[in-house]
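>>> the sequence and its predicted three-dimensional model are supplied below.
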Amino acid sequence: MLYRLEGIVIRSMDYGENNKIINVLTNTHGKVGILIRGAKKARSRHASLAQPFTYAEFTFFRTSGLGTLNHGEILASNHLLREQLELTAYASYAAELTDRVIQEEESSSFLFEQLKAYLSGLVEGKDPQIVSHLYEMRVLDMSGYAPVLDHCVECGGEQTPFRISAAAGGVLCRRCGHKDPQGIVLSEAAYKLLRLFVRMDLRRLGSIQVKPETKQELKKVMRMLMDLHIGIPLKSRGFLDQLDKYSL
């Protein structure tokens, strides 16, 4: 059967001497695998379609399992994401995370739009850490683990400062905070941003400035939520951590 789908390359692997297999997050059919014959050859007309983060229209044949590319048209090469080390690290993190959480042909049109907006945000110069946290929140939401932030998950109260608890699934008020000693007490700035993250569609993200100390707090919170609820070890996250050490 012939398919023609828009998609984003989230993984690219060598296959044999001259070929590549790509995993593509599509707009309508979830994640699909496509074999691109001859993609490793220097003069291959399809080599650019196998590049990570490429957004393109893919035409391929498939009866079951792996598809075979027939034709492709690049819609956005996102080449900048492969040329600047920091952007490569953040784009790789989102791509690997997506590849690991999405199953084959799992319906994910909303996440496709969010990933496309994430990559565009990086190209446009938006704060990569903030864009990354927004995407993480969308993954948590899709997985059913978006934290409750409007009120205490234990008593429904609204006594601040709140302590966020991954185990409890949201914030604990001042009276209930003792129920999770591992929870993180939130500053007012971090709390407001987290509430924004839960509601924000990446396609509507404008310019946002966040103080370094608040960004560190957000990173700690999002790391806690992702580790408990998603719990997938990612090589790309280790690379991001190494970059953070060198930037200090």
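Here it is on my side, so go on. Numbers count the residues shown, from 1 in each chain.

>>> residues of stretch 102-117 that come out buried?
By 16 or more other CB atoms under 10 Å, the buried positions in stretch 102-117 come out as I102, S108, L111, F112, Q114, L115, K116, A117. For glycine as for every other residue, the C-beta is placed from the backbone atoms N, C-alpha and C.

>>> output the contacting helices and strands for the longest strand along the chain.
If you go by DSSP state E, the chain has its longest strand at strand 2-15. Helices and strands touching strand 2-15, by 3 or more CB pairs under 8 Å, 6 or more residues apart in numbering; DSSP states H and E, are strand 19-26, strand 31-36, strand 55-61, strand 67-76, helix 85-101, helix 109-123.

>>> for the ones you listed, give me JSON lines that also has distance to I164 and mean pLDDT.
Output for the helices and strands packed on strand 2-15, formatted as JSON lines (distance: least, CB to CB, whole Å; pLDDT from 0 to 100):
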{"stretch": "strand 19-26", "distance to I164": "29", "mean pLDDT": "96"}
{"stretch": "strand 31-36", "distance to I164": "31", "mean pLDDT": "96"}
{"stretch": "strand 55-61", "distance to I164": "34", "mean pLDDT": "97"}
{"stretch": "strand 67-76", "distance to I164": "36", "mean pLDDT": "96"}
{"stretch": "helix 85-101", "distance to I164": "21", "mean pLDDT": "97"}
{"stretch": "helix 109-123", "distance to I164": "22", "mean pLDDT": "96"}
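
>>> with distance to D180 added, can I get those in CSV?
Shown next, in CSV, are the helices and strands packed on strand 2-15 (distance: least, CB to CB, whole Å):
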stretch, distance to D180
strand 19-26, 35
strand 31-36, 35
strand 55-61, 41
strand 67-76, 43
helix 85-101, 25
helix 109-123, 29
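
>>> neighbours around L119, how many?
Applying other CB atoms under 10 Å, we find 26 residues neighbouring L119.

>>> any stretches of this protein with poor pLDDT?
Scanning the chain for pLDDT under 70 picks out 105, 247-248.

>>> so which residue of it lies furthest out from the middle?
In terms of distance from the mean C-alpha position of the chain, R175 ranks first, at 34.6 Å (CA atoms, centre = their mean).

>>> which helix or which strand is home to that residue?
Per DSSP states H and E: R175 is located in neither a helix nor a strand.

>>> then K245 would be within a strand, right?
No - counting by DSSP: H, G, I helix; E, B strand; the rest coil, K245 is not part of a strand but helix.

>>> how near is H29 to F60?
11 Å (CB to CB, to the nearest Å).

>>> more neighbours, those two?
Between H29 and F60, counted using other CB under 10 Å, F60 has the larger neighbour count: 23 against 19.

>>> please parse the protein into its domains.
For the chain, automatic domain parsing gives the domain ranges 2-77, 80-150+157-247.

>>> just to revisit the earlier point, residues contacting the residue farthest from the centre of the chain?
C152, C155, G157, Q159 (CB atoms under 8 Å, 6 or more residues apart in numbering).

>>> ok, now L234?
Counting by CB under 8 Å, 6+ apart, L234 touches Y93, E96, L97, R100.

>>> just to revisit the earlier point, in the longest strand of the chain, what's buried?
Within strand 2-15, the residues that qualify as buried are Y3, L5, E6, G7, I8, V9, I10, R11, S12, Y15, counting by 16+ other CB under 10 Å.

>>> now do it: everything it contacts.
With CB under 8 Å, 6+ apart as the contact definition, strand 2-15 has outside contacts at 20-29, 31-32, 35, 40, 49-62, 67, 70, 75, 95-96, 98-99, 112, 115-116, 119.
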